[in-house]
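Undergrad: Next input, structure requested:
(one chain, ligands or ions: 2)
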Amino acid sequence: MSNDNMILKINNIEVKYHEVILVIKGVSIEVPEGGIVALLGANGAGKSTTLKAISGLLKHEDGEVTDGSIEFMGERIDKIVPEKIAKMGIVQVIEGRRVFEHLTVEQNLKVGAHMKKKDGRSIKDGLEMVYHYFPRLKEKRNETAGFISGGEQQMTVVGRALMTSPKLILLDEPSMGLAPLLIHEIFNIITRLHEQEKISILLVEQNAKLALSVAPYAYVLENGRIVMDDTAERLRENPDIKDFYLGMTDFGGRKSFRDVKHYKRRKRWLT
Ligand SMILES: Nc1ncnc2c1ncn2[C@@H]1O[C@H](COP(=O)(O)OP(=O)(O)O)[C@@H](O)[C@H]1O
Ligand SMILES: [Mg+2]
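TA: Ligands and ions are numbered 1, 2, ... in the order given. Predicted coordinates:
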């Protein structure tokens, strides 16, 4: 997969918190220009940390990329401040759909416009685009964000990200805690956004089935390491992925991916 249509290249990074807690141990991920790539993994695997390493938000949590590099459109970004990374066209939708609760939906969206890329669209055009994809937000635009439903809050934070005119969206568990119908609606919109606005997406999900339905390629992260990466088609057929990530409802009963019986480390170049 390695060639130069990659909008994002993470090369063998290591991430530490507070200079001592090693959380990411040699992760490499590539996202093609205009592509959707999923990053799967159980709770605590290091998915959010990986996204924060890209967006630079890690620095606010006393975390640091201590080895390897991250390139966005051919430029090193792993030592750059988050504000500058945002201006280059990367936006992270952090997990837990944090809206500004006391602001209206539309005010929340306008906050996004203030972090936008230099050559981004105007606030008016941005709002129009967001309301085109999320007609529900248009209906709720004057409501206080703290009082709308969880699904609408998720739409608001994705909409706020769109207001920055991003080239790459880092989406952290957009399905978390939402009802199936709403998840379906949000994922449909994400797919349309990607197709029509040509936005590249790195999608983090614990829900592998859902992620593999929209992303043609995925990586599996466990304990800070990529243990597998392949096309969605092949991952869906992989017995270990089926066993561990697909169709499992009992989260508490999960074994380690490494303990799954037939598991073999599969390298891209061997398959
Ligand atoms: N700010 C932090 N300081 C120290 N450790 C952290 C911090 N944030 C996350 N971690 C640790 O890093 C590991 C990976 O966390 P995270 O990236 O949030 O995983 P995931 O998103 O896959 O659930 C966890 O063990 C977590 O406790
Ligand atoms: Mg997380």
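Undergrad: Burial check on residue 218, number of neighbours?
TA: Using other C-beta atoms under 10 Å, residue 218 has 25 neighbouring residues. The way it works is simple: take the backbone N, C-alpha and C, and place the C-beta from them, glycine included.
Undergrad: I meant residue 28, not that one.
TA: Burial of residue 28 is recorded as 14 neighbouring residues (other C-beta under 10 Å).
Undergrad: got the contact list for the residue nearest the centre of the chain?
TA: Centroid-nearest residue in the chain: residue 171, 2.6 Å away (criterion: C-alpha atoms, centre = their mean). When the contact criterion is C-beta atoms under 8 Å, 6 or more residues apart in numbering, the partners of residue 171 are 93, 158, 190, 201-204.
Undergrad: now these as CSV including pLDDT?
TA: Formatted as CSV, the entries for the contacts of residue 171 read as follows, by pLDDT from 0 to 100:
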residue, pLDDT
93, 95
158, 94
190, 90
201, 97
202, 98
203, 97
204, 96
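Undergrad: Which single one of those residues is nearest to ligand 1?
TA: residue 204 (6.8 Å; C-beta to the nearest ligand atom).
Undergrad: Quick check, the closest one in contact with residue 176.
TA: No. With contact defined as C-beta atoms under 8 Å, residue 204 does not count as touching residue 176 (10.0 Å).
Undergrad: neighbour-wise, which of those two wins?
TA: A direct count of neighbours by other C-beta under 10 Å for residue 204 and residue 176 places residue 204 higher, at 24 against 16.
Undergrad: Spell out which residues of the stretch 1-150 of the chain are next to ligand 2.
TA: Residues of the stretch 1-150 of the chain lying close to ligand 2 (C-beta under 5 Å from the ion) are 47-48.
Undergrad: need the contact list for whatever residue of the stretch 1-150 of the chain ends up closest to ligand 2.
TA: At 3.2 Å from ligand 2, residue 48 is the closest residue in the stretch 1-150 of the chain, using C-beta to the ion. The contact partners of residue 48, by C-beta under 8 Å, 6+ apart, come to 94-95, 172, 204.
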